[in-house]
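# Next come a sequence and a model predicted from it.
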Amino acid sequence: MIHINTKKLLEKLQLSVENKELIKFQLTGKRNKLSELKKVIISAVEIKKGYCLNFVYRYNTKDITKNFDIEEGIKLIENALEIDFLNAEMISSKENVNFYILPNGKAQLKMTLTSATQSSTFIHNKIKDRLIEPFENIYLRELGITNANWEIRREMSDKYKQINKYIELLAPYLNELDNKNNLHIADMGSGKGYLTFALYEYLTNKLKLNNKTTGVEYREDLVNICNSIAQKANFENLNFVKGTIEKAELEHIDILIALHACDTATDDAIFRGIKSDAELIVCAPCCHKQIRNAFNVTNVLSNITKFGILKERQAEIVTDTLRAMIMEANGYKTNVFEFIALEHTPKNVMIVGKKNKKSEIEKKQIQENITELKKLFGIEKHYLEILLECNNM
């Protein structure tokens with residue numbers, strides 16, 4: 001016979017789900033200490049089939065995600081409290097409920113009201129953790145990030161984290177766009193399209209923005225694969241074309257992206273963004289040979305550049321600093337930050353430039369600072385400067 005406090009817990013869960021107030025429900029305190037199932041995390045989600053309960057079964061080495069309709073899901077929770085778990089916690093927008101089965105077999109229920117601040121913080125963190133959901137996400141399956149059951153494959157967990165981190169970093173800039181109608185996004189050197197697909201999905205399905213996204217990739221086999229996946233995912237306005245950063249024929253670009261474009265290819269991308277008057281330019285540079293070879297240091301900094309590894313690291317810093325400054329001199333407000341932690345990839349710097357108005361005096365001062373920095377390292381020209389000067393910009 002179901003305990004009265006268990007019944008109260010399930011009634012509260014039912015009501016919370018019906019009112020769309022549930023934030024999180026989890027089962028912990030496994031009865032069988034040898035069981036590999038550590039906990040079950042439940043949330044309410046809305047999919048094509050309707051409102052349902054999403055169960056994440058957390059094992060020692062993997063997560064398994066399944067969806068159940070409300071009635072079936074609550075019955076599964078009831079069974080789990082009888083057989084598998086001793087504790088439960090429910091967090092809703094109105095209250096927190098903690099449930100414990102004591103050693104004497106009695107069930108205890110503790111309830112506290114949820115403050116508005118706690119609720120909004122939890123929701124914010126929950127959303128931030130997973131802006132790209134794996135369940136029924138066709139492109140993630142086709143790219144091998146999830147398996148046939150929509151579970152993140154263990155060997156692809158870092159890539160999945162990178163995708164979510166990428167969208168998390170871009171989200172504030174996307175929300176602040178001046179023009180949000182009929183956007184054209186160009187992803188230069190899109191490769192296998194992991195981040196291209198994620199951005200298109202976020203813009204289209206989450207932000208509900210009308211956009212056309214073009215992935216530009218030189219390898220024709222990858223272009224064909226990505227176009228096939230886009231069709232399977234019903235991403236009508238996502239297209240991949242064969243081409244290079246410099247020569248790809250594209251209409252006006254609102255957002256230009258170039259991730260891990262090698263050496264001066266990053267400068268080609270930034271130049272194309274500036275030339276197109278793109279509102280947002282996003283780059284994650286890779287390799288920095290041009291400036292490293294251009295160093296001619298005759299001052300005290302020569303003590304750094306005489307060591308190969310330190311010279312290489314200094315070249316990376318100087319290269320990306322000059323890129324950010326040159327973008328600012330051409331009317332962009334720039335930011336440079338960590339893209340994703342070093343344990344996931346060594347290519348971890350992102351440069352973002354958002355179009356804004358700068359006075360001629362401000363631009364002149366920035367240009368003077370660029371000149372001084374180049375002088376300090378004995379640099380004649382940054383490749384991005386050469387591109388801009390050749391086009392009289």
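In hand now; what should we look at?

# Would you map the helices across this structure?
4-18, 70-83, 116-129, 138-142, 157-175, 194-201, 220-232, 265-275, 289-294, 302-305, 308-329, 360-377, 383-390 (DSSP state H).

# Using a markdown table, lay out those together with mean pLDDT, distance to residue 255 and mean neighbour count.
Yep, even glycine has a C-beta here, placed from its N, CA and C like the rest. Putting the helices of the chain into a markdown table (pLDDT from 0 to 100; distance: least, Cβ to Cβ, whole Å; neighbours: other Cβ atoms under 10 Å) gives the following:
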| stretch | mean pLDDT | distance to residue 255 | mean neighbour count |
| --- | --- | --- | --- |
| helix 4-18 | 90 | 38 | 17 |
| helix 70-83 | 93 | 40 | 16 |
| helix 116-129 | 46 | 21 | 12 |
| helix 138-142 | 94 | 19 | 21 |
| helix 157-175 | 90 | 8 | 17 |
| helix 194-201 | 96 | 9 | 25 |
| helix 220-232 | 96 | 18 | 16 |
| helix 265-275 | 94 | 9 | 24 |
| helix 289-294 | 89 | 25 | 17 |
| helix 302-305 | 89 | 36 | 14 |
| helix 308-329 | 93 | 14 | 18 |
| helix 360-377 | 94 | 23 | 14 |
| helix 383-390 | 93 | 19 | 17 |
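
# pretty sure residue 201 contacts residue 235?
Yes. Between residue 201 and residue 235 there is a contact under Cβ atoms under 8 Å: 7.4 Å.

# Can you check which residues contact both of those two?
residue 139 (Cβ atoms under 8 Å, 6 or more residues apart in numbering).

# so what's residue 51 bridging to?
residue 46 (DSSP bridges).

# Quick check: the gap between it and residue 138.
Computed as Cβ to Cβ, to the nearest Å, the residue 51 to residue 138 distance reads 21 Å.

# State the phi and psi torsions of residue 36.
Torsion angles at residue 36 (phi, psi; degrees, to the nearest 10) stand at phi -80, psi -20.

# burial of residue 67, as a residue count?
Per other Cβ atoms under 10 Å, the neighbour tally for residue 67 reads 16.

# Not counting sequence-adjacent ones, nearest residue to it?
Excluding its sequence neighbours, the residue lying closest to residue 67 (Cβ to Cβ, 6 or more residues apart in numbering) is residue 52, at 4.9 Å.

# The one you found: how many residues sit nearby?
18.

# residues contacting it?
By Cβ under 8 Å, 6+ apart, residue 52 lies in contact with 44-46, 67-70, 73.

# coming back round to it: which one, of the helices of the chain, ends up nearest to residue 61?
Nearest to residue 61, of all the helices of the chain, is helix 157-175, at 11.1 Å by Cβ to Cβ.

# And the pLDDT for residue 343?
At residue 343, the model reports a pLDDT of 42.
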